[in-house]
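> Sharing a model that was predicted from the sequence below.
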Amino acid sequence: MGGDQGERTAVLPLAELPALVAAEEGAAEEGAAERPRWVWDDTRAWYPALLRAGVRVERCVDLRLCHAILRNSTLTAGTALATAAPGPWDTALDLLEEPAAGHTAHTALFELDQPEPPALDDRRDSRSELFAQEAAVAASTDPRRLRLLLAAESAGALIGVELQHAGLPYSADRHDDLLTELLGPRPTFGRPPVLEELARDVRARLDSPDLNPDSPPDVLKALQRAGVMATSTRSWELRKLEHPVIEPLLRYKKLSRLLTANGWTWLDAWVHDGRFRPDYVPGGVVTGRWATRGGGALQLPRQVRGAVVADPGWKLVVADAAQLEPRVLTGLSGDQAMAAAGRGKDLYEGIVASGAVDERAHAKVAMLGAMYGATTGESGRLMPRLTRAFPRAIRLVEDAARAGERGEKVTSRLGRSSPLPGPAWDAAQSAASASDSTAADERRARSQARDWGRFTRNFVVQASAAEWALCWMAELRNRLTALAPGTALTESPHLVYFLHDEVIVHTPADRADEVAAAVHASAAQAGRLLFGAFPVEFPVTAAIVDSYGEAK
DNA sequence: CACGGGTGCGCG
DNA sequence: AAAGCGCGCACCCGTG
């Protein structure tokens, strides 16, 4: 429970924890005590049971997530925590989890690797870890930013568990209707009727009665036999070709994708009692973005978003940050010209108005190219114009790319650093600089260096954008709690979805306007937290709707 | 039969 | 190699 003076120690049965947490949080609610910040090894291990017991936690330190940040950050380089040999806090979460009952193969593997796995508590000492982390932050080159990052990351961990607990309101009936409309009735086995008919059509038009349309190699061969000069079966490539089979084949691929990714099987597995409950993994991506495990929540196709429906008497507030990454780049680089281009309007229109490019689509493709490292094509051609108009912003991503090419780390706004390239990368660079290096060695080394440079170029922007989004969401969470203090999570406005630069709040209809206001205020606050007084704006849209499909 | 790489496509 | 970043997931198919 933190490094407070006047320490109290209590050992209690697990079953009594919810009551203790509730008492401490409740005391803070009534102003009788300081708000606790719960310190634990892993939010995903502790918080779900508390929520099930009806207990919410306002603040925490997720030691596992914070450790990962501090271990690798350039701001804490040289601290004891960063230089220590790898320990239990560096072990992947999966290896520490209890193997699920019945998964004997997993158990066997586990025992093979670690004959006598010690108990969790022996391996991870949360007290000493907390002190080590506090020392590392205090000794860092920017404690303020790191503290903010660790707080935001930990808030994200709480939110991830709360999102799963609440679930995204989801109408299985609407989803089923959509599937039936597009694919025909659900078959007990084999392809749905519409897909079967399309498969028949494709086979006929290619004169290949045995063709398996799900096998790209088969399809490619059949296309070539029919005289279609395709080199792959990717949709974007097929679309450019002329042949009577192309249209039904594309339709087959699109519907087949819907069936396999979000068909009835997905519905059965992931939607229960009117809620879609994916497993969010905060910090699951190197850049600090979230990942999901199962359910594919971050790839929910636009096609099915109409099935996300508010409960009767409730609304969804669907909020989206406009042009988040270029705006984050603006703040990172302190580019006044780009800040002006984004002030009070669509950033891409602002770039057009600045005279740098002719039309919005060009502004967008040029900005994406700058942040992703495009060298050829339209995007590459637009780069010089962008560089002339916004030299500071472009220099920032170019510098990040050069650092990556040299094999160095780069660091986000709040202090998350990129990983170093692996041994294969080092070996390739060494081979190229050896006295007996071949032209092929040098080509390979240069190519890999550029690849890594594109990664680090994008890392600074994507990681900082992820930090903005965390701050936005954490701030919003606090404001939502304040709208209805003391109520259970799902009885008052609460977050139900997060998608990189987008959130959805489920709210009683009569609070929707307040929620929308909170969404805007939180975005402004996130901008100040990351970039202080620098005048970069972060406009967000907040649509009050009954269904996700109505937004945008 | 299990696995893992490759392919393709959904999202930002 | 779509034009470049970050992902997850389902499927095919060759390999052991």
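Thanks, I have it.

> all contacts plus neighbour counts: C-alpha atoms, from now on.
Fine.

> State which helix of chain A is the longest.
Looking across chain A with DSSP state H, the single longest helix is helix A:439-483.

> which other helices and strands contact the strand or helix carrying A:L20?
Using DSSP states H and E, A:L20 maps to helix A:17-29. Packed against helix A:17-29 by the contact rule (3 or more Cα pairs under 8 Å, 6 or more residues apart in numbering; DSSP states H and E) you find helix A:43-52.

> Run through the residues that contact A:V57.
A:V57 makes contact with A:21, A:25, A:38, A:158, according to Cα atoms under 8 Å, 6 or more residues apart in numbering.

> doesn't A:D42 make contact with the last one?
To tie it back to what came earlier, the one meant is A:L158. No - applying Cα atoms under 8 Å, one finds A:L158 not in contact with A:D42, separated by 10.0 Å.

> Among those two, which residue is more densely surrounded?
Using other Cα atoms under 10 Å as the criterion, A:L158 and A:D42 rank with A:L158 on top: 24 against 18.

> residues touching the more buried one, list them.
For A:L158, the contact set (Cα under 8 Å, 6+ apart) comprises A:43, A:47, A:57, A:59-60.

> which one of the residues you listed sits closest to DNA strand C?
A:T43 (18.3 Å; Cα to the nearest atom of the strand).

> ok, that closest one to DNA strand B distance?
25 Å (Cα to the nearest atom of the strand, to the nearest Å).

> Let's see the ChimeraX selection covering just the buried ones among the contacts of A:V57.
The command below creates a ChimeraX selection of those among those that count as buried (16 or more other Cα atoms under 10 Å):
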select /A:21,25,158
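
> near DNA strand C, which residues of chain A show up?
A:214-218, A:236, A:260-261, A:266, A:284-287, A:291-296, A:298-299, A:365, A:368-369, A:372-379, A:451, A:454-455, A:458-459 (Cα under 7 Å from any atom of the strand).

> Could you pick out which of those are located in helices?
Here DSSP H is the test, and these give A:216-218, A:236, A:260-261, A:266, A:365, A:368-369, A:372, A:377-379, A:451, A:454-455, A:458-459 as lying in helices.

> From the residues you listed, keep the buried residues only.
Neighbour-count burial (16+ other Cα under 10 Å) applied to these gives A:261, A:365, A:368-369, A:372, A:379, A:451, A:454-455, A:458-459.

> from those, which is closest to DNA strand B?
A:A261 (7.8 Å).

> From A:A465, how far off is the residue lying closest to A:L163 once chain neighbours are set aside?
Leaving aside its sequence neighbours, A:L163 sits nearest to A:V496 (Cα to Cα, 6 or more residues apart in numbering; 5.2 Å). Distance, A:V496 to A:A465, using Cα to Cα, to the nearest Å: 20 Å.

> so how far is A:L420 from A:G78?
16 Å.

> Helix A:439-483 and whichever helix or strand comes after the longest helix of chain A, what's the angle between them?
Per DSSP H and E, the first helix or strand lying C-terminal to helix A:439-483 is strand A:494-498. Angle of strand A:494-498 versus helix A:439-483, following axes from the mean of the first three to the mean of the last three Cα atoms, to 10 degrees, is 170 degrees.

> From the contact counts, what lies against the helix or strand following strand A:494-498?
Following strand A:494-498 in sequence order, the next helix or strand is strand A:502-508 (DSSP H and E). Applying 3+ Cα pairs under 8 Å, 6+ apart, one finds that strand A:502-508 makes contact with strand A:314-321, strand A:494-498.

> Quick one: closest of those strands to A:I69.
Distance to A:I69, taken as Cα to Cα, is lowest for strand A:494-498 among the helices and strands packed on strand A:502-508, at 21.4 Å.

> Export only the CA atoms of that closest one, formatted as PDB.
The C-alpha coordinates for strand A:494-498 follow below in PDB (Å, rounded to 0.1, in the frame of the first residue of the first chain):
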ATOM      1  CA  HIS A 494     -18.900   4.400 -18.100                       C
ATOM      2  CA  LEU A 495     -16.400   3.600 -20.800                       C
ATOM      3  CA  VAL A 496     -17.200   0.500 -22.900                       C
ATOM      4  CA  TYR A 497     -14.800   0.700 -25.800                       C
ATOM      5  CA  PHE A 498     -11.300   1.900 -26.700                       C
END
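
> which residues touch it?
With Cα under 8 Å, 6+ apart as the test, strand A:494-498 has contacts from A:159, A:162-164, A:166-169, A:477, A:480-481, A:503-507.

> where does the closest residue to DNA strand C within chain A sit relative to A:R443, distance-wise?
Residue nearest to DNA strand C within chain A (Cα to the nearest atom of the strand): A:G294, separated by 2.5 Å. Distance of A:G294 to A:R443, given as Cα to Cα: 39 Å.

> Same question for A:V245.
In terms of Cα to Cα, A:V245 sits 41 Å off from A:R443.

> And the two? Which one has more around it.
More crowded of A:V245 and A:R443, by other Cα under 10 Å: A:V245, with 19 against 13.

> so that one makes contact with A:A199?
No - if you go by Cα under 8 Å, A:V245 and A:A199 don't touch, sitting 10.5 Å apart.

> Show the contacting residues for A:Y170.
Going by Cα under 8 Å, 6+ apart, A:Y170 touches A:271, A:274-276, A:307-310.

> Try it again at 10 Å.
A:267, A:271-277, A:305-311, A:547-548 (Cα atoms under 10 Å, 6 or more residues apart in numbering).

> Report the buried members of these.
A:267, A:271, A:274-277, A:305-311, A:547-548.

> returning to that earlier point: could you dump the contacts of A:V57 into TSV and include distance to A:V317 and pLDDT?
Shown next, in TSV, are the contacts of A:V57 (distance: Cα to Cα, whole Å; pLDDT from 0 to 100):
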residue	distance to A:V317	pLDDT
A:V21	30	93
A:E25	28	88
A:W38	30	96
A:L158	20	98
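
> Mind picking the one among the contacts of A:V57 that's closest to A:D436?
A:L158 (54.6 Å).

> any idea how far A:W264 is from the closest one?
Distance from A:L158 to A:W264, by Cα to Cα: 31 Å.

> Please apply the same query to A:G190.
Going from A:G190 to A:W264 by Cα to Cα gives 13 Å.

> between these two, who's got more neighbours?
Higher neighbour count among A:G190 and A:W264: A:W264, with 19 against 9, using other Cα under 10 Å.

> Quick check: pLDDT value at the closest residue to A:V505 other than its chain neighbours.
Leaving aside its chain neighbours, A:V505 sits nearest to A:L495 (4.4 Å; criterion: Cα to Cα, 6+ apart). Note on A:L495: pLDDT of 98.

> now A:K345
86.

> burial of A:R52, as a residue count?
11.

> picking that back up, what packs against the longest helix of chain A?
helix A:143-166, helix A:324-333, helix A:360-372, helix A:391-405, helix A:423-433, strand A:494-498, strand A:502-508, helix A:512-531 (3 or more Cα pairs under 10 Å, 6 or more residues apart in numbering; DSSP states H and E).
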